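Q: Give me a 3D structure for the following:
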Amino acid sequence: MPDAKVLLEPAAIKRISRLELRARHIVDGYLSGMHRSPYFGQSVEFRQHREYVPGDDLRNVDWKVWAKQDRHYIKQYEEDANLRCTLLVDVSASMNYASGPLSKYEYAASAAAAIAYLLLKQQDAVACVTFADAIRARVQSRTRHSHLDAVVRALAEQSPAEKTSLFEILRDVAEHDPRRGMIVLLSDLFVEREGLFKGLKLLRQRGHDLLVLHVLADDELDFTFTGPTRFEGLETADFLNCNPRALREGYLEALHQYLAEIRRGCAQNAVDYRQVRTSEPLDAALAALLASRANRRRPA
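A: Purely as a prediction, here's the structure:
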């Protein structure tokens, strides 16, 4: 069980505190925002025009401009909105694996705590759900900075166990709160892929902005084992005694196919995806993630 006192590293948090986590898609705010959203919505404050492209809503065409210039332009507006973010953290038994100072779960919990810190600092709303075969803990959405204590406590109290049944979890999240927001999934994704993609598609259909942090250990990605080794399942009673050198080529080929399938499934469902190693410094991983999202233009 991770220590709540070490889930937030002060040095790392200081380096990333200037970054803001922004959703690429417009979200429904339910509190008066403390920051101006950089994305476009249907508020009364006009921001700019852009040229019409096929598929745009004709209700947003500026017909006065068309009458003067004989060209179609779309009116875009600026809105105040608080981001609503739900952190989904995998606490299944496979997350217990560690090949360095942090297990996959400890790394995911630290990343979730850091994201919660950033969001609460900019007065956005944060909820947190931990899950394995079922939801283990649910922290309701709040905006107060003191809410970080509840999030960190929920993460620190978990001990990974059981298998992951991800589709049922994602469906529960979709039905629990119909308001659109951002959902961050932190998991090793050792799940049945059809259910994963079905769940992601459901959330996207409900209008949520999705980000997947795929947390894996170096051993899982590099398979550098040497000498006779006994591999034991964390979520099953299976085991395998073998010479890992004889398995490495086949393992890496299967791994690359699996990762390609995950990336492809996320891309097809318009889900932001980032793979992280547990050896990667947490602040560097989050800084790269947030920078890439900030620089990515939202599709018109």
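Q: those strands in the stretch 1-150 of the chain, which residues are they?
A: 36-41, 45-51, 73-80, 84-90, 125-131, 135-142 (DSSP state E, counting those that start in this stretch).
Q: where's residue 248, which helix or strand?
A: helix 244-268 (DSSP states H and E).
Q: That helix - contacts with which helices or strands?
A: Judged by 3 or more Cβ pairs under 8 Å, 6 or more residues apart in numbering; DSSP states H and E, the packing partners of helix 244-268 are helix 193-205, strand 272-277. No exception for glycine: its C-beta is placed from N, CA and C like everyone else's.
Q: How about residue 161: what's its closest non-neighbour residue?
A: residue 93 (5.3 Å; Cβ to Cβ, 6 or more residues apart in numbering).
Q: Just give me the neighbour total for the one you found.
A: Look at residue 93: counted by other Cβ atoms under 10 Å, it has 20 neighbours.
Q: thought it was touching residue 163?
A: Yes. Using Cβ atoms under 8 Å, residue 93 is in contact with residue 163, at 7.0 Å.
Q: pretty sure residue 136 is touching residue 91, no?
A: Yes. Using Cβ under 8 Å, residue 136 is in contact with residue 91, at 5.8 Å.
Q: neighbour-wise, which of the two wins?
A: residue 91 (24 against 19).
Q: So which bits of the helix holding residue 248 are buried?
A: For helix 244-268, the buried set under the neighbour-count rule, 16 or more other Cβ atoms under 10 Å, comprises 244, 247, 259, 262, 265, 266.
Q: Which segments of this protein make up each domain?
A: 4-27+83-295, 36-80 (automatic domain parsing).
Q: Pick the most deeply packed of those domains.
A: When those are scored by mean count of other Cβ atoms under 10 Å, the highest mean neighbour count falls to domain 4-27+83-295 (a mean of 18).
Q: just checking, residue 171 touches residue 205?
A: No. Using Cβ under 8 Å, residue 171 makes no contact with residue 205, being 11.5 Å away.
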